[in-house]
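Student: Give me a model of this one.
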Amino acid sequence: MKKMIPALLVLIMALASCGSGKLDEGVVARVNKTDIPQAEFDKEVEAFKKQYELQGQFLTDADLETMKPRLLDSLVVKQLLLEKAEDLKIEADTEGVQSKIESFKQQFPTVEEFASSLETNGFTEESLTQELEWQSVLQSLFDKEVSENVAVSDEEIRKFYDDNQNTYFITPESVNCSHILIMINDDQTESEALVKISGIHEKIKAGMDFGDAAAAYSEGPTKANRGDLGVITRGQTVPVFEEAAFNQEIGIVGEPVLSQFGYHLILVTGKNEEIPTPFDDVKDMIKEQLNQKAYEEGTMTYIEDLRKGAKIVLPEWATVEAEAPVVVPAAQS
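Tutor: All right, here's what the predicted structure looks like:
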């Protein structure tokens, strides 16, 4: 079963099972026998800042100090995964990566505009290629080591449906209705609005079509649709309107209803009872969701197992366990 890599998963790990120790100058961490250069870490920090800035968000120095242990951990985890991939002789799909690069280029009128977009997002074509190659290796590694062990049973799927039927797998009670609104505002008092809506009500009682009346007199946004609101469920409208709509008889125009918007005349044209969604209609969706959840949990466990079997040396400032996961905004290409 092929699954997509959870976004930015490799840097959402805690810093447990790592120790502090002596590191050479210019080295920020050591994973087994591989040093992680300070320059590489500084580049990671700058990329992190860049992604926030692209979304109009800016980090204070204090924010960055809080993030740095977990950003360093992203490099530690990346190295662990690269070493495992090398052990398993997993290589990047270079043809697939180049195909993606060409596909990206085709989205821009010129090569210069493509390069400009890359620069805006903190990439060069070379660094984007390297990132895609890394993602290719990571995907292949997780497909081999995690996906093959993920299997959700039919019993689990059915149990999820039964446990959550009333929350997720039900079509709620609804009504089909139309309305005519006479607004209360600075130009029209409540009493003036009531006189106007009552006059419209009398015209409808005398035989005027409700849709015609709505098109002619309504002051609400549904005037152009002859007052038609379509299907509404509980919680979609203000309470007083909801109570009237759900309790009115079909085909009977009720008495004017006052809300904070003004006076309404409501016509209910249909009522629909609450209906459970059949299991067969949603079982594939549930299976996919449960598989994805199991895959993500399996991936986290896999990474932690790699960590436990490795010798990792970190600076003192990075050995405190992270309090919460960090999600970095995904780079746009």
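Student: which residue ranges form the strands in this structure?
Tutor: Under the criterion DSSP state E, the chain contains strands at 19-20, 27-31, 34-37, 170-171, 174-183, 228-233, 257-258, 262-272, 275-276, 312-314.
Student: Just put those strands in CSV and tack on distance to Val77, mean neighbour count and mean pLDDT.
Tutor: The way it works is simple: take the backbone N, C-alpha and C, and place the C-beta from them, glycine included. As requested, these are exported to CSV (distance: least, C-beta to C-beta, whole Å; neighbours: other C-beta atoms under 10 Å; pLDDT from 0 to 100):
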stretch, distance to Val77, mean neighbour count, mean pLDDT
strand 19-20, 16, 11, 54
strand 27-31, 9, 21, 95
strand 34-37, 11, 16, 95
strand 170-171, 41, 12, 90
strand 174-183, 48, 22, 97
strand 228-233, 45, 15, 96
strand 257-258, 59, 18, 97
strand 262-272, 50, 20, 97
strand 275-276, 43, 12, 92
strand 312-314, 10, 22, 93
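Student: Dump those into CSV; add distance to Pro69 as well.
Tutor: Formatted as CSV, those follow (distance: least, C-beta to C-beta, whole Å):
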stretch, distance to Pro69
strand 19-20, 12
strand 27-31, 10
strand 34-37, 13
strand 170-171, 44
strand 174-183, 50
strand 228-233, 46
strand 257-258, 58
strand 262-272, 54
strand 275-276, 48
strand 312-314, 8
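Student: Of all those strands, which one is nearest Ala206?
Tutor: Of all those, strand 262-272 sits nearest to Ala206, with 13.8 Å by C-beta to C-beta.
Student: biggest helix in the chain by residues?
Tutor: Determined from DSSP state H, the single longest helix within the chain is helix 279-308.
Student: What average pLDDT does it get?
Tutor: For helix 279-308, mean pLDDT rounds to 94.
Student: what packs against it?
Tutor: The helices and strands touching helix 279-308, judged by 3 or more C-beta pairs under 8 Å, 6 or more residues apart in numbering; DSSP states H and E, are helix 61-87, helix 125-145, helix 154-168.
Student: Could you tell me how far Lys100 is located from Gln135?
Tutor: 9 Å (C-beta to C-beta, to the nearest Å).
Student: sorry, back to before: tabulate the helices and strands packed on helix 279-308 (JSON lines), appending mean pLDDT and mean neighbour count.
Tutor: JSON lines is the format used below for the helices and strands packed on helix 279-308 (pLDDT from 0 to 100; neighbours: other C-beta atoms under 10 Å):
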{"stretch": "helix 61-87", "mean pLDDT": "93", "mean neighbour count": "18"}
{"stretch": "helix 125-145", "mean pLDDT": "93", "mean neighbour count": "17"}
{"stretch": "helix 154-168", "mean pLDDT": "94", "mean neighbour count": "13"}
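Student: what would those helices look like in a markdown table with distance to Lys308?
Tutor: Shown next, in a markdown table, are those (distance: least, C-beta to C-beta, whole Å):
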| stretch | distance to Lys308 |
| --- | --- |
| helix 61-87 | 10 |
| helix 125-145 | 15 |
| helix 154-168 | 28 |
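Student: how far away is the residue nearest to Lys311 when sequence neighbours are not counted from Val111?
Tutor: Closest residue in space to Lys311, ignoring its immediate chain neighbours: Asn32 at 5.5 Å, by C-beta to C-beta, 6 or more residues apart in numbering. With the distance defined as C-beta to C-beta, Asn32 ends up 41 Å from Val111.
Student: Pull out the buried positions in the longest helix of the chain.
Tutor: Neighbour counts over helix 279-308 (16 or more other C-beta atoms under 10 Å) mark 282, 286-287, 290-292, 294-296, 298-300, 302-303, 306-307 as buried.
Student: tell me the angle of that helix relative to helix 154-168?
Tutor: On the basis of axes from the mean of the first three to the mean of the last three C-alpha atoms, to 10 degrees, helix 279-308 is oriented at 110 degrees to helix 154-168.
Student: between helix 279-308 and strand 27-31, how big is the angle?
Tutor: 110 degrees.
Student: between helix 279-308 and helix 125-145, how big is the angle?
Tutor: Going by the same axes, to 10 degrees, helix 279-308 makes 110 degrees with helix 125-145.
Student: what inclination does helix 279-308 have with respect to helix 61-87?
Tutor: Going by the same axes, to 10 degrees, helix 279-308 makes 90 degrees with helix 61-87.
Student: Give me the distance between the two termini of stretch 107-126.
Tutor: Length of stretch 107-126, first residue to last, C-alpha to C-alpha, to the nearest Å: 18 Å.
Student: Go through that stretch and flag the buried ones.
Tutor: Phe114, Leu118, Gly122, Phe123.
Student: for those, which one is nearest Arg70?
Tutor: When these are ranked by distance to Arg70 (C-beta to C-beta), Gly122 comes first, at 19.0 Å.
Student: my guess is the closest one contacts Gln51, does it?
Tutor: Yes: if you go by C-beta atoms under 8 Å, Gly122 and Gln51 touch, sitting 7.3 Å apart.
Student: Kindly state the pLDDT recorded for Ala14?
Tutor: For Ala14, pLDDT reads 42.
Student: Alright, I will stop here.
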